[in-house]
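Generate a structure from the sequence data that follows.
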Amino acid sequence: MDKKDYIDISKASDIKNSKDRRLYRFFEMIPGFISLGTLLGVLVFSWLAPAGIAIFIICFCFYYLFRIFYFSLQQILGYFRVKSHMKRDWLKELKGKDWKKIYHVIILPTYTEGRALIEESLETLISSNYPKEKMIVVLAVEKRAGQEFENQAKLIASKYTNKFYKFMVSVHPDNTPGEIGGKGSNTAFAGKEVKEKIIDELKMPYENILISTFDIDTKIFPQYFSCLTWYYLTQDDAQSASYQPVPVYNNNIWSASFFSRVVSTSNTFWQMIQQERSEKLTTYSSHSTPAKVFFEVGYPSNVVCDDSRIFWRAYLHYDGNYRVVPIYYLVSMDAVMAKNFWVTTLNQYKQQKRWAWGCAEIPYIMFGFLNNKKIPFRAKLGHVYTILDGFWSWATAALLMFLLGWLPILLGGRSFNFSVLSFNLPILTGQIMTIGMTGMFVSAILSTMLLPPIPKTIKWYKRWLKRSTVFLQWIFLPVTLIIFGSFPALDAQIRLMLGKYMGFWVTEKVRK
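The predicted structure follows:
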């Protein structure tokens, strides 16, 4: 198969060759088979071989206890790196470097978000300390959203045109063959538009341009682009890397539900952990890519998880000579919030399921690795293990630790229940989990240190209540990990296994 062909695949049906199509379809089934096989295996063997499953559960708990300690250490290291980076004067760091030649293209894909939310994000660009005459902003709207939102974009453009080097509006057409409607296809179209109408027209060198693809609610902190530029200029082979900041969800954190705060904060800490393991890092949400890579590889328009797919496309295109550079600087987005508690709960689940659809990257990279003979086998093996372990853990770990550990006692029968192992199983697993709660306390402490001040617009007694419950909310972490972790991950993996492919669901943006 030609390199271009396998890099452009989004699902098994894209492949014309029947043998390759069946192979890719088999790869699509692997995540679901592994996760469901683990859970069903524990269920069945708790009845058939309760002693063996009890030993497995104890070993699993010890394994996760080790991981909790390891991840807690990574969280702490990541936190202090972030705090250090947020304090540094990055423009001063750029002195002596040829930084004024670097331009930043910022693509902001939007669907039906209101003008106030969009302008909040734009205002943070204006408030940044990087020269605005080095910024090209692209507001990427959807034709399918309707004329109202095209008109809104024009009004925004008229207000901000003179505040940046260039400001343009792109209108992504609807129902383009081969595309999935959503952020990825909108961003890909906007990239083509800015390339043709501004970059190529002005003959701007690609090596002097970084393209940042941001969610529309992304707010940058003042020195973000100065920090990003410093990283870009100080990297060896800077063109062979994407650049990943740490996301926090502080825009509306004090108005969000307790479980939204826990889910969003957990996501921030997971990203911090990944930053510390840069060899395992892929692009996520808001990130930056060299223009040469963006245009040469092509931003994906036919997948839901475009933010990670652009990395894997580049990794395959450049035969493994591509990486993600962690930037220990924050960007802020919205935690999930809707008009009421129940809609917020549903939207949180949907968002997690969309993120969990990243399991579709597993068949993509496995098939790509088979077709690309230039990437070292050891690198292939490492990436496959990392992504399989990540999605398997996402789907099964919380269930195994907090629910299924009791199954050998419930199903093991009289002979097992009178054994010493049966008596000690809940005691031992309970003690392991109690020790493992130290990880939760680390997360709780660090989360409070990353929170912004409570807005004074919130009544005093509500401010007091929120401060008082900021630790208490972490008690719900086990439930949160199951409802908004394991369940949506299993949902996504089963859908992929059955060939019930997901479309892009846009998270509703509500501010109170």
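
Name the residues of stretch 425-433 that are buried.
By neighbour count on 16 or more other CB atoms under 10 Å, the buried set for stretch 425-433 is 425, 428-429, 432-433. Every residue, glycine included, has its C-beta placed from N, CA and C.

now swap in stretch 162-175 and tell me
164-172.

One more: stretch 385-398?
Neighbour count says stretch 385-398 has 386-388, 390-398 buried, by 16+ other CB under 10 Å.

Return the closest of those residues with respect to G298.
I387 (21.9 Å; CB to CB).

Just to be sure, the closest one is in a helix?
Yes: assessed by DSSP: H, G, I helix; E, B strand; the rest coil, I387 belongs to a helix.

residues in contact with it?
In this structure, I387 makes contact with 361-362, 365, judged by CB atoms under 8 Å, 6 or more residues apart in numbering.

thinking again about what came up before, from the buried residues of stretch 385-398, which is closest to G96?
T386 (37.6 Å).

just to revisit the earlier point, secondary structure and distance to R21 added to the buried residues of stretch 162-175, as CSV?
Formatted as CSV, the buried residues of stretch 162-175 follow (DSSP: H, G, I helix; E, B strand; the rest coil; distance: CB to CB, whole Å):
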residue, secondary structure, distance to R21
F164, coil, 46
Y165, coil, 46
K166, strand, 44
F167, strand, 44
M168, strand, 40
V169, strand, 40
S170, strand, 34
V171, strand, 35
H172, strand, 29
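
Per-residue pLDDT of S468, please?
What the model reports as pLDDT for S468 is 66.

Show me the strands in the stretch 301-450 of the chain, by range?
For the stretch 301-450 of the chain, the strands defined by DSSP state E, counting those that start in this stretch occupy 323-332.

now the stretch 101-250 of the chain
For the stretch 101-250 of the chain, the strands defined by DSSP E, counting those that start in this stretch cover 103-109, 135-142, 166-172, 209-213, 219-220, 241-248.

Quick one: those strands as CSV, columns for distance to F504 and mean pLDDT too.
Converted to CSV, these look like this (distance: least, CB to CB, whole Å; pLDDT from 0 to 100):
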stretch, distance to F504, mean pLDDT
strand 103-109, 11, 97
strand 135-142, 11, 97
strand 166-172, 12, 96
strand 209-213, 14, 97
strand 219-220, 22, 96
strand 241-248, 19, 94
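
Now distance to F33 too, for those, in a markdown table please.
What follows is those, written out as a markdown table (distance: least, CB to CB, whole Å):
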| stretch | distance to F33 |
| --- | --- |
| strand 103-109 | 34 |
| strand 135-142 | 36 |
| strand 166-172 | 36 |
| strand 209-213 | 33 |
| strand 219-220 | 41 |
| strand 241-248 | 31 |
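
and M437, which of those strands is closest to it?
M437 lies closest to strand 241-248 among the strands of the stretch 101-250 of the chain, at 23.5 Å (CB to CB).

helices or strands next to the closest one in the packing?
helix 224-234, helix 258-276, strand 287-290, helix 306-317, strand 323-332 (3 or more CB pairs under 8 Å, 6 or more residues apart in numbering; DSSP states H and E).

and the first one with strand 241-248, angle?
It refers to helix 224-234. Counting by axes from the mean of the first three to the mean of the last three CA atoms, to 10 degrees, helix 224-234 lies at 150 degrees to strand 241-248.

Identify the residue nearest the geometric centre of the chain.
Nearest residue to the geometric centre of the chain (CA atoms, centre = their mean): Y284, 4.1 Å.

wait, that residue sits on D307?
Yes: between Y284 and D307 there is a contact under CB atoms under 8 Å: 5.5 Å.

Nothing else from me, thank you.
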